[in-house]
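> Quick one, structure for this:
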Amino acid sequence: MLLTISHAVDTVNAWLGRIANVLILLACVVSAGNALLRYGFDLSNNWPLELQWYLFGPP
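Numbering: from 1, shown residues only. Next up is the predicted model:
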């Protein structure tokens with residue numbers, strides 16, 4: 001019984017870890033893209049900054 005629960009918790013943790021990896025990568029890409037647009041091309045938009053806040057913010 002406890003071993004089954006342990007495997008279920010491990011499975012949930014593995015899925016949450018994969019989701020967190022993708023979201024962290026996405027947040028880094030959005031942050032780098034926003035900096036490139038702002039400083040490299042002198043283009044400023046509000047949506048990339050807000051997307052950064054939502055991705056880096058607490059759930």
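
> Could you list the buried residues of the helix or strand containing residue 16?
If you go by DSSP states H and E, residue 16 is part of helix 2-35. By 16 or more other CB atoms under 10 Å, the buried positions in helix 2-35 come out as 27, 30-31, 34. Quick note: C-beta positions are derived from backbone N, CA and C, even for glycine.

> and the angle for the helix or strand just after it with helix 2-35?
Per DSSP H and E, the first helix or strand lying C-terminal to helix 2-35 is helix 46-56. Calculated by axes from the mean of the first three to the mean of the last three CA atoms, to 10 degrees, helix 46-56 forms an angle of 160 degrees with helix 2-35.

> model confidence over helix 46-56, on average?
Averaged across helix 46-56, pLDDT comes to 82.

> what packs against it?
Packing partners of helix 46-56 (3 or more CB pairs under 8 Å, 6 or more residues apart in numbering; DSSP states H and E): helix 2-35.

> and residue 33, what does it touch?
Taking CB atoms under 8 Å, 6 or more residues apart in numbering, we find residue 33 in contact with residue 48.

> can you pull the pLDDT of it?
If you check residue 33, the pLDDT there is 90.

> And residue 6, by the same measure?
So residue 6 comes in at 94 (pLDDT).

> Quickly note the distance from it to residue 15.
Using CB to CB, to the nearest Å, residue 6 is found at 15 Å from residue 15.

> With residue 3 instead?
Residue 3 is 19 Å from residue 15, by CB to CB.

> Repeat that for residue 53.
Distance from residue 53 to residue 15, counting by CB to CB: 25 Å.

> likewise residue 39?
Noted for residue 39: a distance of 37 Å to residue 15, by CB to CB.

> Tell me how many other residues crowd residue 37.
Residue 37: 14 surrounding residues under other CB atoms under 10 Å.
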